[in-house]
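# show me the folded form of this:
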Amino acid sequence: MNKQEKIIILLFSVFLLIELFLFQDLPFFWDAVSKSERAGWILSNHFSTLIVPTEINSGHPPLWITSIALFWSIFGKTIWSARMLLMLVNFGVFYQVLVLAKNTFRKNISIYLVLLVLIEPTLIAQSTSLNNDMLLLLFTLLGVNSLFKNRDWFYTIALVGILLTNLRGIYISIALILIHIWLCKTELLAFNKKMIKAYVIGFASFFGFLLYQYADLGWFLITKNEGFSEHRKVSDLSIILKNSAAYIKNLLDFGRLVVWIPLFFFAIKFVKMKRFKTEKESAKLLIALVVFTIIFFFGFVPFSNPFGPRYMMICYVLANVLFINLLFQFVLNRNKLKAVVSIVVIAFVTGHFWIYPSTIAQGWDSSLAYLNYFPQEKKMFQYLEENDIPKPSVGTNLYLNSRWISNLTEAPKEEDKFISLDLKTNEYILFSNLENRTEDADIITLRDSWVEVKTCSQLGVFLTLYKNPEF
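Take a look at the predicted model:
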């Protein structure tokens, strides 16, 4: 490891420590709230089983929630201790990105440009989220790096981790198999029969989990919990078309369009020039990116499960590294190179401020914009209390009644719970653009026909309290 690499490791280590300090009390957010509930169940049952009950089980393997429960058992059940675990995972992710860049960057590229990859908006946002996506990305990057170098034991660890972290690990494993075959067929990678054991051990561990879950609950993969199983049905053509548009939007969102659009043309030029043999590392990256992007498309788009930008983080990392490689291959003017890099930096930083109208669903946990919500929620709660507005008179689609799970506090009493949003019966409605559940027609009705009582907002994120004009 040279001096430059040590400096980079020092930089992102300091960044992660600062992040831990700043967000040590930041609650579990969005899908991560369910991870808090499941980890809490495992802890309260003293690790007697790692399979949580059907009523809170979506079918995913328990590696992440068990890890949180383990940290809670050692350091206490606090947000800070869970975030310490996340910091370690983040360090692993950032280090694997550095390894990928080191092994695939062209000789004329400074390793410091890996920092351009590390400031990718969704990657940064997910480094603050207590969901399992960063752990999944860690094992995926380890898998890609190990595959490119034919390191069988690291590849084995990666596949086991991928398949025991999230059911999306099935797609990732299929993608890795196809990448492996393609690289060997094109002679970009020498076939190593020792790598086969990684697939055997990886899938054996996954099937072991499935048997374990079936023995406990009587089902596997497709949960009997209707709240989750509804998301795993095949969609009709109209939904598939909408999902296709959403998939493309996710790839280009939060400033990524300044990378993906030119990368598309760079990739076409690279293929036409037939540089696969002379530019092997770029060829490997391109093959991996194409396979992951296609597998995710067919894995997400045809189904009813909502998919967010965070699902494709491995694509963003591969695309950014490949973009840097092809940029320095095809653009030789130093001033132009500096200009393009500057534009990407600006796009990635400002990507955290991309806020869409309330009628457009947004991946709120995929940029740092969501951090603006919590201070506004505190202000709104204070307003309700000061103006003697009882919470049971306020309807909302925000998950405010489960805030105790995300904050690790006591469950609220009945008189402190909000009610479900219903424009016909609610006296008040609390709406925020942070949630994607409220129907467009209801949003328009609130704006046009209800009385705006109080709005708390910050950098595009808002909470508005409306009063029913009939009351």
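
# going forward, measure contacts between C-alpha atoms and count neighbours the same way
OK.

# ok, the residue nearest the centre of the chain - contacts?
For the chain, the residue nearest the mean C-alpha position is Arg310 (2.9 Å; Cα atoms, centre = their mean). For Arg310, the contact set (Cα atoms under 8 Å, 6 or more residues apart in numbering) comprises Thr122, Leu123, Gln126, Asp133, Asp365, Ser366.

# next SSE downstream of the helix or strand containing Glu5?
Counting by DSSP states H and E, the element that carries Glu5 is helix 3-22. Next helix or strand after helix 3-22 toward the C-terminus (DSSP H and E): helix 32-44.

# for that next one, buried residues please.
Across helix 32-44, burial judged by 16 or more other Cα atoms under 10 Å covers Ala32, Val33, Ser34, Lys35, Ser36, Glu37, Arg38, Ala39, Gly40, Trp41, Ile42, Leu43.

# for stretch 305-323, same thing?
Residues of stretch 305-323 classed as buried: 305, 307-323 (neighbour count, 16+ other Cα under 10 Å).

# in helices, which of the contacts of Arg310 fall?
Those of the contacts of Arg310 mapping onto helices are Thr122, Leu123, Gln126, Asp133, per DSSP state H.

# can I get the contacts of Arg310 in TSV with pLDDT?
Below are these laid out as TSV (pLDDT from 0 to 100):
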residue	pLDDT
Thr122	97
Leu123	98
Gln126	97
Asp133	97
Asp365	91
Ser366	94
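
# now, among the buried residues of helix 32-44, which is nearest to Lys284?
Distances from Lys284 to those, taken as Cα to Cα, are shortest for Ala32 (33.3 Å).

# if I pick the closest one, what's in contact with it?
Contact analysis of Ala32 by Cα under 8 Å, 6+ apart lists Ser129, Leu130, Asn131, Asn132.

# check Leu263 too.
When contacts are counted by Cα under 8 Å, 6+ apart, Leu263 touches Ala319, Leu322, Phe323, Leu326.

# can you name the two of those residues that are farthest apart?
Greatest spatial distance in the contacts of Leu263: Ala319 and Leu326, 10.3 Å, computed using Cα to Cα.

# near Leu332, how many other residues are there?
Counted with other Cα atoms under 10 Å, the neighbours of Leu332 add up to 10.

# that one and Arg106: what is the separation?
13 Å (Cα to Cα, to the nearest Å).

# what kind of secondary structure is Pro357 in?
Taking DSSP: H, G, I helix; E, B strand; the rest coil as the rule, one finds Pro357 in the coil state.

# who are the contact partners of it?
Residues in contact with Pro357 (Cα under 8 Å, 6+ apart) are Asn433.

# domains for the protein, by residue range?
3-353, 364-467 (automatic domain parsing).

# got the end-to-end distance for the shortest one?
In terms of Cα to Cα, the two terminal residues of domain 364-467 are separated by 26 Å.

# distance from the chain centre to that domain, please.
Computed by Cα atoms, centre = their mean, to the nearest Å, the chain-centroid distance of domain 364-467 equals 24 Å.

# now swap in stretch 176-196 and tell me
Relative to its chain's centre, stretch 176-196 lies at 28 Å (Cα atoms, centre = their mean).

# okay if I get the contacts of Arg310 as a markdown table plus neighbour count?
A markdown table is the format used below for these (neighbours: other Cα atoms under 10 Å):
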| residue | neighbour count |
| --- | --- |
| Thr122 | 27 |
| Leu123 | 25 |
| Gln126 | 21 |
| Asp133 | 21 |
| Asp365 | 23 |
| Ser366 | 26 |
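
# alright, calling it a day.
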